[in-house]
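Novice: Quick one, structure for this:
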Amino acid sequence: MDLEKTPAATPAPSPGRTPDRAPEGCLVVAVRLPVRIVVLVLVLPVRMAWDALVVGGRFLRDTVLRPVGRGLWWLVETLVLRPLAGLWRHVVVPAARTLGRLGHMLLVVPVVWSYRYVLTPVGHAVARLVRLIGAGLAWAARTTGAGLGWIARRAGAGLGWLYARVLTPAGHAAGRLLRGIGGVLAAVGAGARTVVAWLVRYLVVAPARWVGTWILAPAGRAVAWCARGLWRLVELLVTGIGLVLYWTARILVVLPVLALWRWILAPAGRFLAVVAREVGEALGHAWRIAGRISLAVGRFLGTLFRWIFVEPVRWAYRTVLTPVGHAVRDAVLRPAARAARSVGRTARQTLAAARETARQARADVRRMLFGESRRPPPVARREPSADGARTLGRSTTALTKD
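Specialist: Residues are numbered from 1 along each chain as shown. Predicted structure coming up:
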């Protein structure tokens, strides 16, 4: 037998409620409805004005700004960009290439030629001259160094004899004399040091040790004991004053502030948070509802405008203006166009006849004044004549015929 209860199934969250949202109290429900009504009344004109501005802006963009922008871009491209591109392509680039070639021919080629055929041979000649001068100086230095070395070796031999025969015996004698004087001074110093040590021990160290043992040490212990007692007294006073100040501040400051925070500020903050959250949600909800209302009003106004203005204009255009236009086109425009074409054809024929007459008159005047012009002699053509051409009944051609 199962003694434990089966846990009840958790109900599924409703579609309009967030699953992780805490249950709402009566205050939230009491605040929500009036806040949403007031916010909807305030937001609805703003949303309708905003939608009207959006529609007007889109209409202005599509009918005015975009065509004007395209026209300005065409003007800029025609008047600025294309001339600049042509100037760059046909003036600046050829001029730069010409200047580059001219600079190459006037600067680079002479510099390279002078470096290759003037500076390089001169540099090689100077280097050879410097090498020759250096070799001569080295030979002179070697010769002079050999003479100086011989002189230095002779001077060194003389100095070595002077060091070995004169300076060394004199140094040994001076060393023996100094060692004797040092031994005498060391003996005198050892005796004096013993006397001074005895005097310092019995005249300075012993009295100082007695004073430190029987006077300074007891006085120091007494001073330390008094300082410890004074420090404990100060600690007791500071601790008491700290406790008094702590409890005074706790009773006069901390407890009132804590009560103010717990019983006034925290509930007021929670209430303001609830109001702010509800106002925010009401603003979003009212903005969405106002958008739907504005959309419905816009559709109604669009339908009204279509039935009041667009449909009558369309009916008038379709049933009145189109038949009248067709009648005017068939009765007036097409006959006028045919008459204009016939008049133009007649005028062209008249002008052609006049030009031909003028040409013949000029030819007659030239013939009367200068006579007949000589015709050029006939030139033999490469094509065979009719008699010498190949026919279907013969196998010979114009090239093989005698």
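
Novice: By mean pLDDT, point me to the weakest helix or strand of the chain.
Specialist: Within the chain, no helix or strand scores below helix 168-200, which has a mean of 72 by mean pLDDT, DSSP states H and E.

Novice: How about residues contacting the next helix or strand after it?
Specialist: From helix 168-200 onward toward the C-terminus, using DSSP states H and E, the following helix or strand is helix 206-211. Residues from elsewhere that reach helix 206-211 (Cβ atoms under 8 Å, 6 or more residues apart in numbering): none. Quick note: C-beta positions are derived from backbone N, CA and C, even for glycine.

Novice: Now helix 206-211: average pLDDT?
Specialist: Mean per-residue pLDDT for helix 206-211: 78.

Novice: what's the answer for stretch 129-149, then?
Specialist: On average, stretch 129-149 scores 80.

Novice: begin at 11 from here
Specialist: From this message on, residue numbering opens at 11, which makes the last subject stretch 139-159.

Novice: hmm, back to that, so which elements touch the least confident helix or strand of the chain?
Specialist: Applying 3 or more Cβ pairs under 8 Å, 6 or more residues apart in numbering; DSSP states H and E, we find helix 178-210 packed against no helix or strand.

Novice: For residue 52, which non-adjacent residue is spatially closest?
Specialist: Excluding its sequence neighbours, the residue lying closest to residue 52 (Cβ to Cβ, 6 or more residues apart in numbering) is residue 296, at 7.8 Å.

Novice: And the helix or strand where the one you found lies, how far out from the chain middle?
Specialist: Following DSSP H and E, one finds residue 296 within helix 276-315. The chain centroid and the centroid of helix 276-315 are separated by 41 Å, computed with Cα atoms, centre = their mean, to the nearest Å.

Novice: How about stretch 219-232?
Specialist: Per Cα atoms, centre = their mean, the centroid offset for stretch 219-232 relative to its chain is 81 Å.

Novice: so how far is the first residue of that stretch from its last?
Specialist: From its first residue to its last, stretch 219-232 covers 19 Å (Cα to Cα, to the nearest Å).

Novice: Kindly list the longest helix within the protein.
Specialist: Counting by DSSP state H, the longest helix found in the chain is helix 130-172.

Novice: Would you mind measuring from the spatially most central residue of the chain to residue 77?
Specialist: When Cα atoms, centre = their mean is applied to the chain, the residue found nearest the centroid is residue 91 (27.1 Å). Distance, residue 91 to residue 77, by Cβ to Cβ, to the nearest Å: 20 Å.

Novice: before we move on, what about residue 206?
Specialist: Plainly put, residue 206 is 120 Å away from residue 77 if you go by Cβ to Cβ.
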